[in-house]
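> One predicted model, sequence on top.
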Amino acid sequence: MTLEVLRTKIDKINREIVHLLGERLKVAREIARIKKDRKLPILDAEREALIHEEIRRLAKEQNLSAPIVEEIFQLLLEYTRIEMEAVE
């Protein structure tokens, strides 16, 4: 494969990742609305711990650095929490 073909593939993957992040955020906002209606806290430490466990497992399955992938997801969780707290 040529460099251009590989870069095109990377560009497509990047678009898919951003699309999935947008979809994830839409779902998180819906969760925030339900939590606010039920007067539940946005932060669920137990749920976040489960997410981290799952992320570590998935990263290892893909031969990725679990600490790096977990760090990426930590940033995603923080961003999601900020967006969820802003939901009216």
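Received it, and whenever you're ready, just let me know what you need.
> elements contacting the longest helix belonging to the chain?
Determined from DSSP state H, the single longest helix within the chain is helix 3-37. For helix 3-37, the packing partners by 3 or more C-beta pairs under 8 Å, 6 or more residues apart in numbering; DSSP states H and E come out as helix 66-85. For the C-beta atoms, the positions are set from N, CA and C on the backbone; glycine is no exception.
> rewinding a little: could you check the angle the longest helix of the chain makes with helix 66-85?
Counting by axes from the mean of the first three to the mean of the last three C-alpha atoms, to 10 degrees, helix 3-37 lies at 50 degrees to helix 66-85.
> now helix 3-37: how far from the chain's centre is it?
Here helix 3-37 is found 8 Å from its chain centre; the criterion is C-alpha atoms, centre = their mean, to the nearest Å.
> and what of stretch 26-39?
16 Å.
> Touching it from outside, list them.
With C-beta atoms under 8 Å, 6 or more residues apart in numbering as the test, stretch 26-39 has contacts from L40, P41, I42, T80, E83, M84, E85, V87, E88.
> Might you report the residue contacts of the first one?
L40 is in contact with I34, counting by C-beta under 8 Å, 6+ apart.
> Work out for me the element it sits within.
L40 is part of no helix or strand when elements are defined by DSSP states H and E.
> Can you read off the backbone torsions of it?
Here the main-chain torsion angles of L40 (degrees, to the nearest 10) amount to phi -100, psi 150.
> Start the count at 33 instead of 1 going forward.
Will do, 33 is the new start, and the previous item becomes L72.
> that older thread, ok, the contacts of stretch 58-71 vs K44, which is closest?
K44 lies nearest to T112 out of these, by C-beta to C-beta, at 24.4 Å.
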